[in-house]
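S.K.: Return atomic coordinates for the entry below.
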Amino acid sequence: RPRVGRATARSLALAASIALLVGFGAGFLLHARFGTGAPASAIAAASLGEVDRSQPLFGVLETTPSGTQKVLAGLGIEASPTLSFRAKDGRYCREIVVTGRKLARRGLFCRTPGGAWQALAMVTAPAADETTYAPAADPATVLLDRSISDLIAGAPLDAAEERRLIAEGWSEPAT
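M.R.: Coordinates of the predicted model:
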């Protein structure tokens, strides 16, 4: 009977966790709306794989610095990248929070060699307000945090490095 190495087992567990999150997120995104009259298509497409370049979310992932909130015109939602990092496999990844009137979605996206942004995981929660209690250890959020921890190579990008990558289209300078 072949033995599975600890690293391989961890990779398989991470892949299964991400697949579960994407499946969960896809179902929820396809059936839920961000708020009255606002289409969920802006993020639903991302939950199924690559973010279409024509979607406002692509522009947020491509050009918005972490900590900056961007209103997605005509959709009634706001998007804010919260973290950018280099993954162990060399890809650049970003965590983003998209908030509507009723729901908030937190997603993990990584840039492909072809320049697309691919959704790896999405979690959904009620949009926070002053009257809503949100537990800190929500299982989906914990799983997303664990996915980030398993993917990240070192520390998150600092603001200067993130600005440089945004200016250069998320590509490394020629050496």
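S.K.: Pretty sure A79 sits in a helix.
M.R.: No. Assessed with DSSP: H, G, I helix; E, B strand; the rest coil, A79 is strand; it does not lie in a helix.
S.K.: Output the contacting helices and strands for the helix or strand where L120 lies.
M.R.: If you go by DSSP states H and E, L120 is part of strand 117-126. Here strand 117-126 touches helix 6-31, helix 41-47, helix 56-63, strand 103-111, helix 139-151, going by 3 or more C-beta pairs under 8 Å, 6 or more residues apart in numbering; DSSP states H and E. The way it works is simple: take the backbone N, C-alpha and C, and place the C-beta from them, glycine included.
S.K.: mind saving the C-alpha coords of it as PDB?
M.R.: Coordinates of each C-alpha in strand 117-126 appear next as PDB, following Å, rounded to 0.1, in the frame of the first residue of the first chain:
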ATOM      1  CA  TRP A 117      -7.900  36.400 -12.000                       C
ATOM      2  CA  GLN A 118      -9.200  33.000 -10.900                       C
ATOM      3  CA  ALA A 119     -11.500  32.600  -7.900                       C
ATOM      4  CA  LEU A 120     -10.100  29.900  -5.600                       C
ATOM      5  CA  ALA A 121     -12.600  30.400  -2.700                       C
ATOM      6  CA  MET A 122     -15.600  32.500  -1.800                       C
ATOM      7  CA  VAL A 123     -17.500  32.700   1.500                       C
ATOM      8  CA  THR A 124     -20.700  34.600   2.200                       C
ATOM      9  CA  ALA A 125     -22.100  36.200   5.300                       C
ATOM     10  CA  PRO A 126     -24.800  38.700   6.200                       C
END
